[in-house]
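K.L.:
predicted structure and sequence below. I'll ask about it afterward.
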Amino acid sequence: MLQTVEKHLVANQLEEARVLCSGICNSNPSHAEACFCMSRILAAQGNVSGAIEYADKAASIKPDWFDAWMMISGLAGMLENLDVSEHAARMAVQLNPSDPGAYINLGHALSGKQDTQAAIICYREALRLDPSLEKVRYRIASLGGEAAPARAPDQYIAGLFDVYAEKFEAHLTQKLDYQTPAHIMSALASCIEPHAGVGLNILDLGCGTGLCGELLRVVSHKLVGVDLSSGMLEVARKKEKYDELVEQEVVAYLNECGQPFDVIVAADLLVYLGDLSSLFAAAQAVLTGGGLFVFSVEAADIGSEFELCTTGRYRHSLAYIRELANASAFNVLIEACVELRKEAQSPVQGYIVVLKSTALAD
């Protein structure tokens, strides 16, 4: 019977899988595998609390089941139930001390509880077990355990947003009061010529699920979105707002796309890039004469060009933005100080910047 449930899961027939698996669990409450399968189904449906409940049942029936404890730890972390996440991760570490994922989950829980040094120790152990985990090295850097890199690794960005994709918009708009797309659109509207109409070729870098794309479509002749996360692009594709969606790192895309754009938008993208020099140069190269580069940054402390925060996001100073703009043949049209979103109920201050290319068109 579970084989049939698995077939439904593979086919993404989640409700059919849930109904069938629920029947198995009800008829045999001590069926650990059915409980664990039910947890996977509910997690895929976005019912995280229900998924934890069934994973906990599986772990209670089979206390030595590593995968069940890992499931509990990861899901509890998503709900910021850090005590449960930490306990489950410690059980996973005890059961399989050679698995880097267990140490990563434990590091996440400890980091969330502000136990920074203990979290760094866990992340370093995960990295020792698997040195290819650049996302873990980046997390260590964000906690101050080593020097900050020039940018977040692709592995970190794609992994973060692939997991986040289905609930991304609800979380941003309902819990974080995300205002960046509206700020971006307002700034752009004030800079484009009224007669531009829908004649603009626009590039949406780090387009995510298409929150900006929904607004940009009304002034676009052609709208292209680029993102590293296949999960986010899948959501954006369903909206049917983009003429083209590309899964690629943004600077690589700019260097290889071979097509001009009138406007480049980057909402909430630069927070994953520290050194912006390559991005500015690549953006300049594809903009038409007088083209616009519109983006958001989180505000850095006075005196620093950019800084990597414990959130895993970079902040940039206006002085740094101005310096790069000048070096890359841009004029600054707008520097607007705004509230971008909330973080732990507190406003995140940043800037909406509009730059205009002063380079001569080819």
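P.N.:
Thanks, I have the structure now.
K.L.:
so which residue is smack in the middle of the protein?
P.N.:
Compute the mean C-alpha point of the chain, and by Cα atoms, centre = their mean the closest residue is residue 161, 3.7 Å away.
K.L.:
mind checking how far the nearest residue to residue 224 once chain neighbours are set aside is from residue 63?
P.N.:
Excluding its sequence neighbours, the residue lying closest to residue 224 (Cβ to Cβ, 6 or more residues apart in numbering) is residue 244, at 4.6 Å. (Glycine included, C-beta is placed from N, CA and C.) Applying Cβ to Cβ, to the nearest Å, the value for residue 244 to residue 63 is 51 Å.
K.L.:
need the next SSE after the host helix or strand of residue 296, C-terminal direction.
P.N.:
Secondary structure assigned from DSSP states H and E places residue 296 in strand 287-298. Once strand 287-298 ends, the next helix or strand along the chain (criterion: DSSP H and E) is strand 306-308.
K.L.:
helices or strands up against that next one?
P.N.:
Packing partners of strand 306-308 (3 or more Cβ pairs under 8 Å, 6 or more residues apart in numbering; DSSP states H and E): strand 314-316.
K.L.:
okay, angle between the helix or strand following the strand it packs on and strand 287-298 too, please.
P.N.:
Scanning forward in sequence from strand 314-316 by DSSP H and E, the next helix or strand is helix 318-327. Calculated by axes from the mean of the first three to the mean of the last three Cα atoms, to 10 degrees, helix 318-327 forms an angle of 170 degrees with strand 287-298.
K.L.:
could you number the chain from 31 rather than 1 from now on?
P.N.:
Done: numbering now begins at 31, and the last item shifts to helix 348-357.
K.L.:
what does the average pLDDT come to for the next helix or strand after helix 348-357?
P.N.:
Of the helices and strands lying after helix 348-357 in sequence (DSSP H and E), the nearest is strand 360-373. For strand 360-373, mean pLDDT rounds to 91.
K.L.:
and the next helix or strand after strand 360-373, which strands flank it?
P.N.:
Counting by DSSP H and E, the next helix or strand C-terminal to strand 360-373 is strand 376-387. Strand 376-387 pairs in its sheet with strand 317-328 (antiparallel), strand 360-373 (antiparallel), by DSSP bridges.
K.L.:
switch those over to CSV; also include mean neighbour count and distance to residue 147.
P.N.:
Listed next are the strands paired with strand 376-387 as CSV, based on neighbours: other Cβ atoms under 10 Å; distance: least, Cβ to Cβ, whole Å:
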stretch, mean neighbour count, distance to residue 147
strand 317-328, 22, 25
strand 360-373, 16, 23
